[in-house]
Each structure stands twice: as C-alpha cells, then as structure tokens.
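Peer 1: take this sequence and fold it.
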Amino acid sequence: MTHITPDRLAGLATELTKIRRDIHRHPETAFEETRTAQIVADKLTSWGIEIHRGLATTGVVGTLKGKRPGQKTIGLRADMDALHLQEKNDFDYTSSIPNKMHACGHDGHTTMLLGAAKHLAAEPDFAGTVHFIFQPAEEGLGGARVMIEEGLFDRFNCDAVYGMHNMPGFEKGHFAIRTGPMLASSDSWEVTFKGTGGHGAMPDRGTDPTFVAAQFIVAVQGIVGRNVPSNQAAVLSVGHIHAGTPGSPNVIPSEVLIKGTARSFSREIRDLLERRLAEVADGIAKAGGCEAVSKYHRRYPSLVNAADQTKIAVEAAALTVGREKVEANAAPIAGAEDFAFMLEKKPGAYIMIGNGGTGEGGCHNVHSPLYDFSDEILTTGAAYWVNLVQVELGNAAA
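Peer 2: Below is the predicted model of the structure:
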C-alpha cells in the first residue's frame, strides 16, 4: 500500500465527526474515562482489532498485526481525558457535564487515531505490529507514567512510540516538529513564609510575612533573568497566593502561601530552578525576620524527540500534506505533556497538527472555555498516522 492523503479518507469524515462530537458532548476527566474507553474498545473490536483494557484504570490498547511478516513493533498514542472547566460554547454538541469540557482536543486526538485504526484494519499492508495506545489522565495526573508503571511496555513492547497534539493558531492541516526538546518539563512549587503576624496598625511589634512574600514574588523573575543562561529558556510563574482572612484586613497574617509553576527544557536548568527558588525564598525570609518552607514537586519531564523518529515523522507528515506544509525545526513550546514519560522509555517523536488560527473563524487556544477541535483536520490526522505506519513498517516512501 502506498501513502495516502486526507482526501483518500474523505469517506470516513462523517463517521469521525460523529464520534468526535459525541465524545465532546460527554467529557470525562482523569481516570474516569469509562464511556470514552468503551467507545474506543467497541470500535476497535468491530474492526477486528484485538483489544486489551485496564492499564491505568481506563486505558485501552489495540493491537494490529500487518499481513506481511515482520518483527518490528510501534506504538501510536492518543489521550482521552477532558479538563475540569465549564464550557461556554453554544453549539449542539456542547458538554453535557457541568464543569467538565474537552478544552484541549483530546476528543479529536482519540478520534484521529480511531480513524487510522479503522483504515489500517481494512488494509493491513505492512510488516510488523502496531499498538494503538489510548491513554487516560494526561491532564496533570500522569496517565502515561501510570500505564508504564503498570506494564505498558512490558506487555506491549514497542521499538518506537509516537504522539500527536493539535495546535490552535497554526494553520489547519500543517505540521510542526523538532528534534530534541519539543515541550518543557512541568513542575509545581510552593513556599510558605512564616512570621508572627500581628495588628495591622502596629507592624513593628511583629514580623510581617506579607512584606517578605511581596519581595519574593518580584525576586522570582530575577532567577530566570539572572541565573538561567541567555541561550536557554525557562519560565517561573506565580499562580496562587493565600494569606489572612477577608473579614479581618487589619490583621497581619502569620503565614503567606505562594504556589507556582516552573518550566524548563533541560535537567540542568530544572535543577537550577529548584535550588534557586529555595535559596531566594530563604534569603529574603531571613532578611525580613521570617522563615521560609519550600517544596518543589517534579511532575512531567521535558518531552525530547529522538532524531531518527523525528525524521520518520517529518516524512510521514510530508506524505500526508506535502513537504511545504511541514515545519521540521519548530521552536520549542513551554507547554508540557506526559507523553514525555513514554519518550524516556522508548525512542519516538511527538508532532503538532495545526487546528487553525484567529483568521480562520476565531480559533481559541487550548484550555479556553471557548475552544473547540476542528473536525476539518480529523482525516488529516488519521492520514498522518496511516502514513507513519507505512514509513515505519511498510516503506511508503519507496
């Protein structure tokens, strides 16, 4: 079988749109994707694909062997979970579940991989095995890590693994990827400043952690500006501050809690951010007569694409939409993805597919209550997956 373009899958467009919108209407958050997993399992089974369930509670893995002999095995991964967010769209497939929404396009990711699975099951003209990995809990709870810990690659060995995510603001159907760090590590941190507090009219009779905390918030940006090398990137942002009670504004609180996120692209910078956050907090606290208690939580590692698999992904994308629509040296993105855990275990590549820009109908960014995945790229993404299998296992480029 030679490579295919999205128009070759036009016959699947109506079915895929129906599936995607049904999943969108019934969003399920981390480790609760029972309905979505059932849809996936039922579809794969109906197409004759062997399924396996239960990894990370709701994970589904479909296994398809090509009709030609071959020992190589690859994994194709899609995430299934939604976000805790109240949707503000008003179309007929708006979320029916309060405060839950597919605001990151995982409904589309699941559907694109299902489309590829259906086509490949009907035309398995490749040598080797494909594992279709439908993963729960990407949004913050590390479903990829849990699947690995529960034996994903022990039960379903993969010589390489691949992932894909939509990108609002990037032209529909175009692709972007890079070798090396593609997405940042995502860590959370917190600092509690402890003083004595006291009467707001007499701050000299105690120690004021709010004054210390305010200086720390400003100083945090100096870590990036003065400690991170100028040829590298990092982000430190404050996302939560808590102190005192609204009903007593004349009371200086005894504690101030600050929480934030840290993003970086290398282990060295990650280590630096953790160390300097604690050092800066401790130094400022001591200068103000207070104590600082710092905690740093390492969550998702940086997502690093392997060189060989990135070349394969670029070739598959070019076969899908043409080389001119593939950016092979895209800039790194400070967002994070738990597919990074899979890439720590297996060589692979993660690619972005354009979901459209503001000039194409007012596309909203991921994690927005007005976001929606573009059904127009469902067949494009499915065709990419098919071509990737052909490049890896069937030599479609020959």
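
Peer 1: residues contacting the most centrally placed residue in the chain?
Peer 2: The chain has residue 337 as the residue nearest its centroid, 3.1 Å off, counting by C-alpha atoms, centre = their mean. Applying C-beta atoms under 8 Å, 6 or more residues apart in numbering, one finds that residue 337 lies in contact with 138, 163, 165, 183, 300, 303, 350. Every C-beta, even on glycine, is put in place using the N, C-alpha and C of the backbone.

Peer 1: nearest to residue 74 among those residues?
Peer 2: residue 163 (11.7 Å; C-beta to C-beta).

Peer 1: give me the element that closest one is part of.
Peer 2: Element membership of residue 163, judged by DSSP states H and E, is strand 160-168.

Peer 1: next: residue 258.
Peer 2: Applying DSSP H and E, one finds residue 258 within strand 255-264.

Peer 1: restricting to C-alpha, output that strand in CSV.
Peer 2: Extracted C-alpha coordinates of strand 255-264, given in CSV (Å, rounded to 0.1, in the frame of the first residue of the first chain):
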residue,chain,number,x,y,z
GLU,A,255,1.7,32.9,57.2
VAL,A,256,1.7,33.5,53.4
LEU,A,257,1.5,30.6,51.0
ILE,A,258,2.6,31.1,47.4
LYS,A,259,2.4,28.5,44.7
GLY,A,260,3.5,28.5,41.1
THR,A,261,4.8,26.6,38.1
ALA,A,262,8.3,26.0,36.7
ARG,A,263,9.1,25.2,33.1
SER,A,264,12.4,24.3,31.5
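
Peer 1: gap between that strand and the chain center?
Peer 2: 21 Å (C-alpha atoms, centre = their mean, to the nearest Å).

Peer 1: give the other helices and strands that that strand contacts.
Peer 2: Counting contacts by 3 or more C-beta pairs under 8 Å, 6 or more residues apart in numbering; DSSP states H and E, strand 255-264 packs against strand 185-194, helix 209-227, strand 234-243, helix 267-287.

Peer 1: which one of these has the most crowded surroundings?
Peer 2: The densest packing among the helices and strands packed on strand 255-264, expressed as mean neighbour count by mean count of other C-beta atoms under 10 Å, is seen in strand 185-194 with a mean of 22.

Peer 1: quick one: work out the angle between that one and helix 209-227.
Peer 2: Orientation of strand 185-194 against helix 209-227 (axes from the mean of the first three to the mean of the last three C-alpha atoms, to 10 degrees) gives an angle of 140 degrees.

Peer 1: for strand 185-194, which strands pair with it and how are they oriented?
Peer 2: Listed by DSSP bridges, the sheet partners of strand 185-194 and their directions read strand 255-264 (antiparallel), strand 291-300 (antiparallel).

Peer 1: identify the residues contacting it?
Peer 2: Against strand 185-194 from outside (C-beta under 8 Å, 6+ apart): 209, 212-213, 216, 254-265, 270, 273-274, 277, 281, 285, 290-302, 335-336, 340.

Peer 1: for that strand, C-alpha coordinates in PDB please.
Peer 2: Included here for strand 185-194 are C-alpha records, laid out as PDB according to Å, rounded to 0.1, in the frame of the first residue of the first chain:
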ATOM      1  CA  SER A 185       9.200  20.000  31.900                       C
ATOM      2  CA  SER A 186       6.300  21.000  34.100                       C
ATOM      3  CA  ASP A 187       6.900  21.300  37.900                       C
ATOM      4  CA  SER A 188       5.000  22.900  40.700                       C
ATOM      5  CA  TRP A 189       6.500  24.700  43.700                       C
ATOM      6  CA  GLU A 190       5.300  26.300  46.900                       C
ATOM      7  CA  VAL A 191       6.800  28.500  49.500                       C
ATOM      8  CA  THR A 192       5.300  29.200  52.900                       C
ATOM      9  CA  PHE A 193       6.600  32.300  54.600                       C
ATOM     10  CA  LYS A 194       6.100  32.200  58.400                       C
END
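
Peer 1: and the next helix or strand past that strand?
Peer 2: strand 198-199.

Peer 1: that next one: partners in the sheet, and parallel or antiparallel?
Peer 2: Paired neighbours of strand 198-199 in the sheet (DSSP bridges): strand 251-252 (antiparallel).
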